[in-house]
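Trainee: Pasted the sequence and its predicted model underneath.
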Amino acid sequence: MDHIKILSVSKCFGEVIAVNDVSINIKKGEFFSLLGPSGCGKTTLLRLLAGFEMPDKGEIIIDGIEMNGVPPHQRPTNMVFQSYAIFPHLDVTANVAYGLRKSGLSKAQITQRVTEALELVKLSGYEARKSNELSGGQRQRVALARALIMRPKVLLLDEPLGALDKKLREEMQIELRTLQEQIGITFVFVTHDQEEALTMSDRMAVMGDGIIQQVGTPREIYEQPVSRTVATFIGNINLLEGIVLSRSSAALSVELPIFGKVEIRNSGPGRAVGETVSCVIRPENLSIGASPTDSSIGVILQRSAYFGKSTYFIVRAEDSSIEITVSMQNSRVAPQAGSHLWISWDSSDLVILDE
Amino acid sequence: MKNTSRSLLVYAFIYLGFLYIPVLFLPLFSFNNSMYFSFPLSGFTFEWYREMFRNEAMHQSLFNSIRVGGFVALFSTILGIFGAKAITRYRMRGKKPVLAIIMLPLVIPEIIVAVALLIFILQAGGSLSLLSVALGHVLLCVPFSIAVLISRFEGFDQSMEEASADLGENSWWTFWRVTFPVVLPGIVASLLLCFTISFDEFIVAYFLSGTEPTLPVYMWNQLRFPKLLPGVLALGACILLASFIVIAFAEWIRQRNNNMALRQSLASMTSKIR
């Protein structure tokens, strides 16, 4: 069922290794995101799929066909460019119909297809506009219609929402996702925006320095990050170094600063007693209160940061300078810096990193 | 402030006067019924224009210049398109030195180029003709053409060409459907520029034209015969008028396009407001 197979693909530009021995399988009809900071190689990987770059090593197979040496114009992929790349000398209709020259369709059929494509991206009525008469969001829809009219097996999207303002971007995220479910083709979506990747994807790959850090569903990536890079790139997280006290087949007992001795589910590689391990926990998985409960630990509030729907509290234990962050839905109480608070957690939310 | 703007205005008038009054002497004396260029004007005549229409040799040289100019404009611009596309689109070794060598004729004195070409053509056993003039002019015009076209090629988003490839077109069709229309204004500018440079180029043409003079060479030869000179003035006045009409026409088209774009953007704005 693997629709796209990327097998140990590498690509260098001079001395720079943009993509380093990457292997990913993408399923048919999947919304797959490539997430990473700029310069991590995600766009190069997308361009390798489109055929604008050829791999130095490894191979790419799309829909069962080996793609090495196949130029972009013969691939079953179409791309939505970051700059949209709307042809400025053509109107919307001619832009959208651009790829149908060799389709053998009659003029009426082409008009029909263009009308359908524009309806799909909600841009009916703009047929005669030139690109300089369109807003950023409208251009993006033209780019989308122009690619979708080709009925590609795979749609490649290179940070298509990057140039839009926040509100429009959030609307387009939902719209793109709905569109993908409606037409059911494979989407490969490049973004540096972690929330965008988490919201939209069926599965995603986190990239850093040309290497795939982790592949998984948004939930797996967010809740079970395997490496420090993934854990710190996706959202806010508390990272603590601890020492393994004892181990059983199911759990590790770890001594952590602030938290003390905790039992953590043992999922990663085998750990020896006495080894140092990195543990992470999300700020929203900690809860904070003004009075102690059965399992809570006393901390001192250092400072807080207000974010509207939630507030971040940065706290430390009385006997330690290590700080951790706790986030909370806003209550009416706003504790002062220096006040004594109590934090508690569920040890199933603590994750040991592989590295 | 008022004084500054007035002195600037005076400066502007002096500048324009210095630029254009000498040029205006050309049509003025072309209607004067004396062979000598001196005031006061002695009387009005169409004689020189009649002579211009009778003068076969002058027609031939004008025709030569137009032919050479047309060839040079087309050939230089085609080379310019190849060069500009290669320089802006491909990664290659030695790009900078190659570009520098192409641009060299811009800074070499024309007289040197002319003498060098003359020696080269004669040594190579070639003969002097309009073709040798045209090839000399191509050498001079290619740097201008490349300079104009490089800025046009660099000025547009390369992902448009990738988008075309992505939508199923090979590089040949991508060139005709995307690159060419987008760089077309640059191509037109290059054609006009190269034609103009070739049309009034004298030194290379003088050395290489052999028995077929171009218009500037013909005019230069007429200076030795005062009797024939007013006819040259009449032709000069006609060329001036023709250039003026061409420029006015080009400007009119440009304005019309601007107005159209303005109207369209206004229409789209009002439709958004509604």
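Mentor: Nice, thanks for sending it over.
Trainee: Skipping adjacent residues, who's closest to the spatially most central residue of chain B in space?
Mentor: For chain B, the residue sitting closest to the mean C-alpha position, by C-alpha atoms, centre = their mean, is B:T196 at 2.3 Å. For B:T196, ignoring the flanking residues on the chain, the nearest one in space by C-beta to C-beta, 6 or more residues apart in numbering or on different chains is B:G69 at 7.9 Å. Placement of C-beta: from N, CA and C, glycine included.
Trainee: strands paired with the helix or strand of chain A with the lowest mean pLDDT, and their directions?
Mentor: Comparing every helix and strand of chain A by mean pLDDT, DSSP states H and E singles out strand A:260-265 as the least confident one, with a mean of 83. In its sheet, strand A:260-265 lies beside strand A:251-256 (antiparallel), with partners assigned from DSSP bridges.
Trainee: Just the CA coordinates for the strand it pairs with, please, in CSV.
Mentor: Listed in CSV are the C-alpha atoms of strand A:251-256, where the atom choice follows Å, rounded to 0.1, in the frame of the first residue of the first chain:
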residue,chain,number,x,y,z
ALA,A,251,9.4,0.3,33.8
LEU,A,252,12.4,2.2,34.9
SER,A,253,12.7,3.8,38.2
VAL,A,254,14.4,7.2,37.7
GLU,A,255,15.6,9.8,40.1
LEU,A,256,14.8,13.3,38.6
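Trainee: Return the set of buried residues in the least confident helix or strand of chain A.
Mentor: Of the residues in strand A:260-265, A:V262, A:E263, A:I264 count as buried by neighbour count, 16 or more other C-beta atoms under 10 Å in any protein chain shown.
Trainee: Switch those residues over to CSV; also include distance to B:V10.
Mentor: Written out in CSV, the entries for the buried residues of strand A:260-265 read as follows (distance: C-beta to C-beta, whole Å):
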residue, distance to B:V10
A:V262, 88
A:E263, 92
A:I264, 87
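Trainee: Give me the most central residue, chain A.
Mentor: Centroid-nearest residue in chain A: A:A197, 3.0 Å away (criterion: C-alpha atoms, centre = their mean).
Trainee: Residue of the stretch 51-200 of chain B nearest chain A, please.
Mentor: The nearest approach of the stretch 51-200 of chain B to chain A comes at B:L167, 3.4 Å away (C-beta to the nearest C-beta).
Trainee: backbone phi and psi for that residue, please?
Mentor: The main-chain torsion angles of B:L167 are listed as degrees, to the nearest 10 and equal phi -90, psi 10.
Trainee: who in chain A is up against chain B?
Mentor: For chain A, the contact set with chain B under C-beta under 8 Å from any C-beta of the partner chain comprises A:50-52, A:71-74, A:77-79, A:81-83, A:85-89, A:98-99, A:101-102, A:129-130, A:132-133, A:143, A:146-147, A:150.
Trainee: Low-confidence ranges, chain B, go.
Mentor: Within chain B, the segments meeting pLDDT under 70 span B:1-3, B:35-38, B:257-274.
Trainee: one more time with 50
Mentor: B:272-274 (pLDDT under 50).
Trainee: Mind jotting down where the helices sit in it?
Mentor: Counting by DSSP state H, chain B has helices at residues B:2-30, B:47-54, B:56-89, B:95-103, B:110-123, B:130-154, B:159-166, B:171-174, B:180-200, B:203-208, B:215-222, B:229-273.
Trainee: buried sites along the shortest one?
Mentor: Just to be clear, that refers to helix B:171-174. Of the residues in helix B:171-174, those buried by neighbour count under the rule 16+ other C-beta under 10 Å are B:W173, B:T174.
Trainee: For it, which outside residues touch it?
Mentor: Residues outside helix B:171-174 that contact it (C-beta atoms under 8 Å, 6 or more residues apart in numbering or on different chains): A:R101, B:E161, B:S164, B:A165.
Trainee: May I ask which two of those are separated the most?
Mentor: Using C-beta to C-beta, the pair of the contacts of helix B:171-174 lying farthest apart is A:R101 and B:E161, separated by 15.8 Å.
Trainee: and the gap between B:V23 and A:R316?
Mentor: Counting by C-beta to C-beta, to the nearest Å, the gap between B:V23 and A:R316 amounts to 85 Å.
Trainee: same deal with A:A231?
Mentor: 20 Å.
Trainee: Those two: which is more packed in?
Mentor: In this view A:A231 and A:R316 are compared by other C-beta atoms under 10 Å in any protein chain shown, and A:A231 has more residues nearby, 27 against 16.
Trainee: Where does that one sit: helix, strand or coil?
Mentor: Assigned state for A:A231: helix (three-state reduction, DSSP: H, G, I helix; E, B strand; the rest coil).
Trainee: and it, what does it touch?
Mentor: Counted by C-beta under 8 Å, 6+ apart, A:A231 has contacts A:P225, A:I237, A:L239, A:V280, A:V351, A:L353.
Trainee: what is the orientation angle of the helix or strand containing the third one with strand A:260-265?
Mentor: In this assignment (DSSP states H and E), A:L239 forms part of strand A:238-247. Computed by axes from the mean of the first three to the mean of the last three C-alpha atoms, to 10 degrees, the angle separating strand A:238-247 from strand A:260-265 equals 80 degrees.
Trainee: Which elements pack onto the helix or strand harbouring A:L168?
Mentor: A:L168 is part of helix A:166-183, with elements assigned from DSSP H and E. For helix A:166-183, the elements it packs on are helix A:107-120, helix A:136-148, helix A:194-200, judged by 3 or more C-beta pairs under 8 Å, 6 or more residues apart in numbering or on different chains; DSSP states H and E.
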